[in-house]
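Asker: Structure here, sequence nowhere to be found:
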């Protein structure tokens with residue numbers, strides 16, 4: 001009996017999806033008119049970029 005493994009591209013897909021959300025956070029950070037909105041944009045960009053890197057490491 002042989003064991004077969006299926007390579008999955010889930011790490012790439014999850015990383016790209018989280019990276020896209022991080023880009024939205026970056027746009028909010030630069031485009032929001034109030035300081036609190038910019039802070040939330042920075043927080044979203046930072047958290048989702050961190051999750052994107054963690055997803056690549058997790059699914060590797």
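Answerer: Received, thanks. Just so it is clear, the structure is predicted and the values come from calculations on it, not from any experiment.

Asker: separation between the residue nearest to the spatial centre of the chain and residue 34?
Answerer: Per CA atoms, centre = their mean, the C-alpha nearest to the average position across the chain is that of residue 18, at 2.4 Å. From residue 18 across to residue 34, the span is 25 Å (CB to CB, to the nearest Å). Where C-beta positions appear, they are placed from N, C-alpha and C, glycine not excepted.

Asker: And for residue 50?
Answerer: Counting by CB to CB, the gap from residue 50 to residue 34 is 24 Å.

Asker: More neighbours: which of the two?
Answerer: Taking other CB atoms under 10 Å, residue 50 and residue 34 do not tie; residue 50 has more neighbours (12 against 8).

Asker: element containing the more buried one, please.
Answerer: If you go by DSSP states H and E, residue 50 is part of helix 35-58.

Asker: Name the nearest residue to residue 44, ignoring sequence neighbours.
Answerer: Nearest non-adjacent residue to residue 44, counting by CB to CB, 6 or more residues apart in numbering: residue 25, 3.2 Å away.

Asker: Remind me which helix or strand the one you found belongs to.
Answerer: Per DSSP H and E: helix 10-31 holds residue 25.

Asker: Would you pull up how far that helix lies from the middle of the chain?
Answerer: 5 Å (CA atoms, centre = their mean, to the nearest Å).

Asker: and the angle for that helix with helix 35-58?
Answerer: Going by axes from the mean of the first three to the mean of the last three CA atoms, to 10 degrees, helix 10-31 is angled at 170 degrees with respect to helix 35-58.

Asker: which outside residues touch helix 10-31?
Answerer: Here helix 10-31 makes contact (CB atoms under 8 Å, 6 or more residues apart in numbering) with 37-38, 40-49, 51-53, 55-56, 58-60.

Asker: Show me which of those residues are buried.
Answerer: Using 16 or more other CB atoms under 10 Å as the burial test, these include 41, 42, 44, 45, 48, 49, 51, 52, 55 as buried.
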